[in-house]
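# Quick check, what structure comes out for this input:
(one chain, ligands or ions: 1)
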Amino acid sequence: MDVLYAPWREKYFSKSESNCIFCDIAKNPNLDTQNMVVYRNEDLFIVMNKYPYTPGHILIVPMSHIDSPEKLPKNIWLNMFSIAQDSMNILYDYGASGINMGMNIKSAGGAGIPEHLHLHLLPRWSRDTNFLTSIANTRSYGVDFNEVYNKIYNLAKKYLKESKK
Ligand SMILES: [Zn+2]
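Okay, here's the model as predicted:
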């Protein structure tokens, strides 16, 4: 788990309009495709991790700029985990044989973006140490990230209920 949640894996975007990339994404639904958002509702959005530990690594992010779960209204916390539960179907349909789910809370907890809470969902495959090595090699040649995004986006449409806007 130390390896899975290594902070450098959480590097996301290098630039941000405000000081928080997740707030930027939250406030700009018109840029969802560019930002690789796969889903949003009134409480949260799901976005591809731009530096995935495995392909299909997604983040569930509350709209609220808070750094620790106890600061979230209970209904939003429950919505996050309800969506996380439904998102299992996305990752299994994507081909995962296992999933890691977790949060790094604040800098000391290993969060790459400590000021804005987010929940990681990582698809895993049997014996994916080898798999990851091949992915890491592939990555240097440029993984087709858009293809992964499109797949996950379509699966999100299939498994997550329509957002209420
Ligand atoms: Zn924020």
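# Distance of residue 75 relative to the ion?
Counting by Cβ to the ion, to the nearest Å, the gap between residue 75 and the ion amounts to 19 Å. For glycine as for every other residue, the C-beta is placed from the backbone atoms N, C-alpha and C.
# Please identify which helix or strand holds that residue.
Under DSSP states H and E, the secondary-structure element containing residue 75 is helix 74-94.
# Which elements pack onto that helix?
strand 44-48, strand 58-62, strand 98-102, strand 119-124, helix 145-159 (3 or more Cβ pairs under 8 Å, 6 or more residues apart in numbering; DSSP states H and E).
# For the last one, which helices and strands make contact with it?
In other words, helix 145-159. Helix 145-159 is packed against strand 37-40, strand 44-48, helix 74-94, with contacts defined by 3+ Cβ pairs under 8 Å, 6+ apart.
# Can you get me a residue count around the residue lying closest to residue 98 once chain neighbours are set aside?
Using Cβ to Cβ, 6 or more residues apart in numbering and skipping residues adjacent in sequence, the residue nearest residue 98 is residue 124, 4.0 Å away. Residue crowding around residue 124 was assessed by other Cβ atoms under 10 Å; the count is 18.
# need the contact list for the most centrally placed residue in the chain.
Relative to the mean C-alpha position of the chain, the nearest C-alpha, by Cα atoms, centre = their mean, is the one of residue 59, at 1.5 Å. Under the criterion of Cβ atoms under 8 Å, 6 or more residues apart in numbering, the neighbours of residue 59 are 46-49, 118-121.
# quick one: pLDDT of it?
What the model reports for residue 59 is a pLDDT of 98.
# bridging residues for it?
residue 47, residue 120 (DSSP bridges).
# how much space between it and residue 126?
Distance of residue 59 to residue 126, computed by Cβ to Cβ, to the nearest Å: 24 Å.
# do the same with residue 69
31 Å.
# Same question for residue 84.
For residue 84, the distance to residue 126 under the criterion Cβ to Cβ works out to 22 Å.
# How about residue 68?
Between residue 68 and residue 126 the distance, using Cβ to Cβ, works out to 34 Å.
# When the two are compared, which one has more neighbours?
When residue 68 is set against residue 126 and neighbours are counted by other Cβ under 10 Å, the residue ahead is residue 68, at 13 against 9.
# Now that one: closest residue in space, sequence neighbours ignored.
If you skip the residues right next to it in sequence, residue 68 has residue 105 as its closest partner in space, 5.6 Å away by Cβ to Cβ, 6+ apart.
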